[in-house]
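In: mind folding the following:
(2 chains)
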Amino acid sequence: MSAHTQTLARPTTRPRSAVSLRRWTEREAVFSWLMVTPPVLFLLALVGYPFIYGIWLSLENRPVAKPGVFIGLDNFIANFHDPVFWQVAQNTFVYTFAATALKMAGGLALALVMNQDFRFKNLIRAIMLLPFIVPTVLSTIAWMWILDPSFSVVNWFLIRWGIANPGPSWLGNPKLAMFSLIMVNTWRGLPFYAITLLAGLQTISPELYEAATIDGATTFARFRYVTLPLLKPVIFIVTMFSVIFTFSDFQLVYVLTRGGPANATHLFATYAFDVAMGGGQFGLGASIALSMLPPLALLIAGMAWYMRGEKQ
Amino acid sequence: MIVERRGWRVRGLKLWLPLGFFLVFTLFPFYWMAITSLKPNSELYSRKIMPLIVYHPTLEHFVNLLTETSFLTWTYNTLLVAVVSTAISLVFGVMLAYPLARMRFAGAALVSFAIAATYLVPQPLLFIPLADIINRLGLGDTLTSVILTYPTLLVPFCAWLLMGYFKSVPHELEDAARIDGATRLQTMFRIFLPLCIPGFISAGIFAFTLAQNEFLYALIFLTKTDVRTVPVGAIAELVRGDVFYWGQLMAAALLGSIPVAIIYSFFVEHYVAGLTSGGVKA
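Out: Numbering: from 1, shown residues only, chains lettered A, B, ... in the order given. As a prediction, this is how the structure comes out:
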């Protein structure tokens, strides 16, 4: 190995200070910190600092491009008395729960289906992941056209088959708009669940199923008492990620409805965006975005607690 | 015979029927994207004719997209930003993951906790303060603004994925190199990192698709045509007023998806490995 010959020649030729510096950087802790420091500083500057700065902004009355005035908790009090804020909170919860439940149910179903032996399995798995890898905004544009008020292909069939005439306004009716968003979110997120759960299923030893079958377990019992308990850690991780990113979703809503009709589909992220970027109120916007944190933390803590309770 | 036929039927019911349903559900929007981009306007905006078929396919939307809009510039911007921010994220990811996976040092637990926390901080929590910071730095409407901020989303992910990969590599080769007198840096570059190429591909592909997918920062930081990325350009400029140019929009969506889809198709297995490592190995 080349390193071998180099190091043999080294001690006689190097000056002493260089040797001691070398020795210092060869220490495990020093080497580690030398490596870790630049990326840590980078993340501190562009994640840590904005996070703290966001908290500071939320305590200010800060119109865009003007100096801010410290106003304490006034922004949060204003939110508390704002009916739209509560509507947004409710929307976000409905959206997160419904979409997560659908993705979980559908993803688990698809994973169980794909956990059988069949031809072209890898090809089909690759195709199934497409919604997850194609840029969300671009696939959402396709959905926008599918759900178009005048030329929706869904409505074309509903009219053709005599189910509804005229067809429903998928994005124009408050309840339907929320339903449509949940469906599109499910379409996009389901593959992530399915492929991750499938990977989890494949780690379960077939012997466990054989043992359960010999003990007379039905298909459902095998699922309930073998598959589910062993899949729990995977389900937990997947759900946690999904809840965080569904709760703070922005793209889908921004492209499909911009929060409308009449705020019926505004989520925390899109509402904060509207207030800060549209209304120019950075402080108030920051306080809305920050309001996302406590419920999100609670949801995750609750899930962690639930999982721990199950284990014992 | 009877057993065979019944088996086939059960298999159809348990496998191909649900699989077919999921496939149609998954693929329909892409099919719709593709045929819409090929339809002439007379077919696009007709409620009479069967919408699932193109009667007179045309490339006019593609031609218009490429000649009348800045789509090619947006594509170039998107790829440039995605490649550079992925490269930065991989380098930083290695710098974090190597010590955390292979060495003991005071503060390691704190660093890995910080990475996990950054990973889980949702973007919408940071965009307002970041918008202000980017403006004050004078980086508004530059690609630098997104090249700097995308790695904040990608580094924690890359570090996490690489840590998992690094831990699975046996120690013997590194130990041998150390005994032979290689420095830590030499050991890392010459011995260790070449063993981890599959891990880099996984993390790189994943980071690349995430960077292509990013929308919020690009929407806020990039407001001029010549610095926009494909998603922002399509939303901001192909929708003019309340008029939607559906043919062009679909052509843009299709062409914008193709680079990701091609790269993905070459590295599906690595991508899946990256995707599932977070959930399954954790």
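
In: for the stretch 1-150 of chain A, which spans come out with low pLDDT?
Out: By pLDDT under 70, the weakly predicted segments of the stretch 1-150 of chain A are A:1-15.

In: please apply the same query to chain B.
Out: Applying pLDDT under 70 to chain B flags the ranges B:1-6, B:241-243, B:278-282.

In: can you give me the strands in it?
Out: B:239-240, B:243-244 (DSSP state E).

In: so for B:Pro198, which of these sits nearest?
Out: strand B:239-240 (41.5 Å; Cβ to Cβ). C-beta here means a position set from N, CA and C on the backbone, and glycine is covered the same way.

In: now render the strands of chain B as TSV, adding distance to B:Val268 and mean neighbour count.
Out: Shown next, in TSV, are the strands of chain B (distance: least, Cβ to Cβ, whole Å; neighbours: other Cβ atoms under 10 Å in any protein chain shown):
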stretch	distance to B:Val268	mean neighbour count
strand B:239-240	33	13
strand B:243-244	33	12
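
In: now do the same contact list for the residue nearest in space to the middle of chain A.
Out: Nearest to the mean C-alpha position of chain A, by Cα atoms, centre = their mean, lies A:Phe245 at 2.1 Å. By Cβ atoms under 8 Å, 6 or more residues apart in numbering or on different chains, the contact list for A:Phe245 reads B:Pro122.

In: any chance of the strands of chain B in JSON lines, with distance to chain A too?
Out: Formatted as JSON lines, the strands of chain B follow (distance: least, Cβ to the nearest Cβ, whole Å):
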{"stretch": "strand B:239-240", "distance to chain A": "9"}
{"stretch": "strand B:243-244", "distance to chain A": "8"}
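
In: how long is stretch A:164-174 end to end?
Out: 18 Å (Cα to Cα, to the nearest Å).

In: touching chain B at all, it?
Out: No. Stretch A:164-174 stays clear of chain B (Cβ under 8 Å from any Cβ of the partner chain), getting no nearer than 10.2 Å.

In: list the residues that contact residue 46.
Out: Just going to use chain A. A:Leu46 neighbours (Cβ under 8 Å, 6+ apart): B:Leu130, B:Leu148, B:Thr149, B:Pro151, B:Thr152.

In: filter these by proximity to chain A?
Out: Residues of the contacts of A:Leu46 in contact with chain A (Cβ under 8 Å from any Cβ): B:Leu130, B:Leu148, B:Thr149, B:Pro151, B:Thr152.

In: OK, contacts around residue 122?
Out: You didn't pick a chain, so chain A it is. Counting by Cβ under 8 Å, 6+ apart, A:Asn122 has contacts B:Val268, B:Glu269.

In: switch to chain B, please.
Out: Counted by Cβ under 8 Å, 6+ apart, B:Pro122 has contacts A:Ile244, A:Phe245, A:Phe247, A:Ser248, A:Ala269, A:Met292, A:Leu296.

In: cutoff 7 Å now
Out: A:Ile244, A:Phe245, A:Ser248, A:Met292 (Cβ atoms under 7 Å, 6 or more residues apart in numbering or on different chains).

In: next one: B:Phe267
Out: For B:Phe267, the contacting residues are B:Ile201, B:Ile205, by Cβ under 7 Å, 6+ apart.

In: just to revisit the earlier point, tell me which two of the ones next to chain A among the contacts of A:Leu46 sit farthest apart.
Out: Largest separation among the ones next to chain A among the contacts of A:Leu46 by Cβ to Cβ: B:Leu130 and B:Pro151, giving 12.9 Å.

In: now A:Val113, nearest residue through space, not along the chain?
Out: B:Pro18 (4.7 Å; Cβ to Cβ, 6 or more residues apart in numbering or on different chains).

In: can you give me the strands for the stretch 201-312 of chain A?
Out: Read by DSSP state E, counting those that start in this stretch, the stretch 201-312 of chain A holds no strands at all.

In: pLDDT weak spots in it?
Out: Low-confidence segments of the stretch 201-312 of chain A, defined by pLDDT under 70: A:307-312.

In: write out the residues of it neighbouring chain B.
Out: A:203, A:234, A:237-238, A:244-245, A:248, A:250-251, A:255, A:268-269, A:272, A:276-277, A:282, A:285-286, A:289-290, A:292-293 (Cβ under 7 Å from any Cβ of the partner chain).

In: and stretch A:240-253, how far out from the chain middle?
Out: 4 Å (Cα atoms, centre = their mean, to the nearest Å).

In: got the end-to-end distance for that stretch?
Out: End-to-end distance of stretch A:240-253: 21 Å, with Cα to Cα as the criterion.

In: again, but for stretch B:43-62
Out: End-to-end distance of stretch B:43-62 (Cα to Cα): 16 Å.

In: for that stretch, give me every contacting residue.
Out: A:151, A:153, A:156, B:35-40, B:246-248, B:251.

In: turn those into TSV, including distance to B:Leu79 and neighbour count.
Out: Below are the contacts of stretch B:43-62 laid out as TSV (distance: Cβ to Cβ, whole Å; neighbours: other Cβ atoms under 10 Å in any protein chain shown):
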residue	distance to B:Leu79	neighbour count
A:Phe151	32	17
A:Val153	32	18
A:Trp156	37	17
B:Ile35	26	17
B:Thr36	24	26
B:Ser37	21	27
B:Leu38	25	20
B:Lys39	28	24
B:Pro40	30	16
B:Trp246	25	22
B:Gly247	24	25
B:Gln248	20	24
B:Ala251	18	28
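
In: any chance of those residues in JSON lines, plus distance to A:Leu44?
Out: Shown next, in JSON lines, are these (distance: Cβ to Cβ, whole Å):
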{"residue": "A:Phe151", "distance to A:Leu44": "50"}
{"residue": "A:Val153", "distance to A:Leu44": "49"}
{"residue": "A:Trp156", "distance to A:Leu44": "54"}
{"residue": "B:Ile35", "distance to A:Leu44": "49"}
{"residue": "B:Thr36", "distance to A:Leu44": "46"}
{"residue": "B:Ser37", "distance to A:Leu44": "45"}
{"residue": "B:Leu38", "distance to A:Leu44": "50"}
{"residue": "B:Lys39", "distance to A:Leu44": "51"}
{"residue": "B:Pro40", "distance to A:Leu44": "55"}
{"residue": "B:Trp246", "distance to A:Leu44": "45"}
{"residue": "B:Gly247", "distance to A:Leu44": "47"}
{"residue": "B:Gln248", "distance to A:Leu44": "43"}
{"residue": "B:Ala251", "distance to A:Leu44": "43"}
